[in-house]
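Enquirer: when you get a sec, could you give me coordinates for this:
(one chain, ligands or ions: 1)
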Amino acid sequence: MHRIYLDNNATTPILPAVFEAMRPYFCEEFGNASSIHSHGQQTRAAVENARDSVAALLGCRASEVVFTSGGTEADNLAIAGLVHAGDHVITSSVEHHAVLLACKHLEDAGVELTVLPVDGRCLVDPDDVRRALRLNTKLISVMMANNETGVLQPVEEIGKVAAQAGVSFHTDAVQAAGKVAIGVNRIGCHALSISGHKIHAPQGVGALYVRKGTKIRPLFYGGRHERSRRAGTENVPGIVGLGKAAQLAKAALDCGADQKEEPKMAALRDRLQQEILAQFEDAAVNGDGAPRVPNTTNIRFDHIDGEAMVIALDLNGLAVSTGAACSSGAIEPSHVLLAMGLRPDQARASIRFSLGKQTTEEDIDSALALVPQTVARLRELSPLYKRQAVSS
Ligand code: PLP
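Expert: This next block holds a predicted model:
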């Protein structure tokens with residue numbers, strides 16, 4: 001069976017060029033990047049080269065890039081590393097759990113927390129951020145792109161609010177990197193997280209941008225790796241992979257209009273979305289009307305069970321998701337969709353389609369053939385839908 005993968009917000013395949021860049025660092029170039037002999041010098045050079053590439057993608061200095069084990073660690077390092085007991089933190093209700101739960105954990109340790117609402121389009125209002133400021137506010141953490149809806153937050157405006165108040169600003173850019181241009185100075189952030197496996201590098205590697213002069217407390221204690229901001233021997237193959245993926249992502253974002261991938265991806269996404277909406281009067285796009293990354297659409301098909309839909313589509317070769325990958329198997333509806341005002345049954349009836357570099361027109365054709373028949377079949381089995389059909 002030809003399998004179609006429309007779950008790139010969960011993870012992306014490693015690109016062949018990324019894999020080739022990493023390959024020597026498993027067996028031949030195995031040195032510890034902290035060793036002073038030539039084995040170590042070779043891997044140190046590879047790590048620093050990757051740091052340059054990540055810095056170029058983010059528009060920062062190489063010395064401001066801290067390699068981590070992924071997006072979760074980068075988020076935790078930014079949050080735990082920038083606040084102390086007695087400080088106040090502002091975040092949003094649609095953050096990834098790596099941010100939300102890190103903040104909630106700090107609340108138990110004496111940090112005050114404000115979790116801002118979003119509107120029906122998944123957007124945080126920068127005026128709400130301003131109004132939430134207190135004398136002891138230390139950090140604002142609002143994501144750049146939402147992993148479930150793809151909605152892009154007004155991070156530049158929030159950065160201005162933070163700058164006016166003299167407060168640190170962290171943004172989780174895990175789902176924005178490689179999909180839209182990132183400039184840390186334009187955003188005005190002090191810290192920004194990215195993750196390798198969302199940009200065609202391996203799982204288990206990521207980076208945190210930390211603005212020069214921003215004091216950050218490490219999560220781990222040990223060696224003086226990463227300028228004492230992240231102890232632990234570097235994951236050299238992973239870092240090399242992240243560097244290569246960052247270089248390819250930057251080249252793709254910077255290339256001429258005729259070669260750009262994002263408009264093509266957005267056109268495929270829009271076709272998928274429009275043709276689905278055209279077939280179901282009661283389907284709707286979660287996050288419609290807000291700016292979004294080009295690869296994501298989150299569609300609500302009322303009166304279906306999202307988990308059942310994901311399983312049924314998978315049996316027919318189409319991989320999609322009900323929301324955050326880490327919530328698969330959990331019964332709770334998505335906290336993001338609930339925060340946008342959806343009822344629990346509507347949140348449970350929502351499916352995320354996330355396209356990737358490898359997605360083709362034929363993949364969309366196949367998805368468009370599978371989705372309507374699956375929705376129809378599930379609705380036939382749904383007592384809820386039947387009841388509604390009879391009463392209307
Ligand atoms: N932040 C966002 C917005 C994400 O989508 C994810 C992963 O899904 C993470 C953080 C966590 O990244 P990682 O899987 O690299 O730990």
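Enquirer: isn't residue 198 up against residue 7?
Expert: No: under the criterion of CB atoms under 8 Å, residue 198 makes no contact with residue 7, lying 11.5 Å away. C-beta here means a position set from N, CA and C on the backbone, and glycine is covered the same way.
Enquirer: quick one, which of the two is more surrounded?
Expert: For residue 198 and residue 7, the more surrounded residue by other CB atoms under 10 Å is residue 198, and the numbers stand at 28 against 20.
Enquirer: contact partners for that one?
Expert: Residues near residue 198 by CB atoms under 8 Å, 6 or more residues apart in numbering: 8, 9, 11, 12, 71, 174, 175, 177, 178.
Enquirer: tell me the pLDDT at residue 326?
Expert: Model confidence at residue 326, expressed as pLDDT, equals 48.
Enquirer: got the residues of the stretch 151-300 of the chain near the ligand?
Expert: 172, 174, 175, 195, 197, 206 (CB under 6 Å from any ligand atom).
Enquirer: go with 8 Å
Expert: With CB under 8 Å from any ligand atom as the criterion, the stretch 151-300 of the chain comes near the ligand at residues 172, 174, 175, 193, 195, 196, 197, 198, 203, 204, 205, 206.
Enquirer: pop out the phi and psi values for the first one.
Expert: When quoted as degrees, to the nearest 10, the phi and psi of residue 172 stand at phi -90, psi 110.
Enquirer: hmm, back to that, ok, of the residues of the stretch 151-300 of the chain next to the ligand, which come out buried?
Expert: Buried subset of these (neighbour count, 16 or more other CB atoms under 10 Å): 172, 174, 175, 193, 195, 196, 197, 198, 203, 205, 206.
Enquirer: is the fourth one in a helix, a strand, or coil?
Expert: When states are read from DSSP: H, G, I helix; E, B strand; the rest coil, the local structure at residue 193 comes out as strand.
Enquirer: OK, contacts around it?
Expert: 71, 74-75, 78, 170-174, 206-209.
Enquirer: right, and residue 297 touches residue 272 too?
Expert: Yes: using CB under 8 Å, residue 297 is in contact with residue 272, at 6.5 Å.
Enquirer: quick check: neighbours shared by these two?
Expert: Contacts common to residue 297 and residue 272, judged by CB under 8 Å, 6+ apart, are residue 353.
Enquirer: how about the closest residue to the ligand within the chain, nearest residue that isn't a chain neighbour?
Expert: Nearest residue of the chain to the ligand: residue 71, at 2.5 Å (CB to the nearest ligand atom). What sits nearest to residue 71 in space, not counting adjacent residues and going by CB to CB, 6 or more residues apart in numbering, is residue 195, at 3.3 Å.
Enquirer: now that neighbour, which residues is it bridged with?
Expert: Residue 195 forms beta bridges with residue 206, as assigned by DSSP bridges.
Enquirer: same for the helix or strand where residue 101 lies, what does it pack against?
Expert: Under the criterion of DSSP states H and E, residue 101 resides in helix 97-108. Counting contacts by 3 or more CB pairs under 8 Å, 6 or more residues apart in numbering; DSSP states H and E, helix 97-108 is packed against helix 71-82, strand 88-92, strand 112-116.
Enquirer: turn these into a markdown table, columns for mean pLDDT.
Expert: Listed next are the helices and strands packed on helix 97-108 as a markdown table, based on pLDDT from 0 to 100:
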| stretch | mean pLDDT |
| --- | --- |
| helix 71-82 | 98 |
| strand 88-92 | 98 |
| strand 112-116 | 98 |
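Enquirer: could you dump these into CSV with mean neighbour count added?
Expert: Rendered in CSV, the data for those read as follows (neighbours: other CB atoms under 10 Å):
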stretch, mean neighbour count
helix 71-82, 25
strand 88-92, 26
strand 112-116, 17
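Enquirer: out of the ones you listed, which is closest to residue 220?
Expert: helix 71-82 (9.2 Å; CB to CB).
Enquirer: outside of the closest one, which residues touch it?
Expert: 66, 68, 89, 96, 98-99, 102-103, 106, 138-139, 141, 168, 170, 172, 174, 190-191, 193-195, 198, 206-208, 210, 214, 216-219, 229-230.
Enquirer: secondary structure class for residue 376?
Expert: Per three-state DSSP, residue 376 ends up helix.
Enquirer: who's in contact with residue 268?
Expert: Contacts of residue 268 (CB under 8 Å, 6+ apart): 355, 359, 361, 364.
Enquirer: now list the buried members of the residues you listed.
Expert: So, by 16+ other CB under 10 Å, the buried ones in the contacts of residue 268 are 355, 359, 364.
Enquirer: tally of neighbours for residue 226?
Expert: 21.
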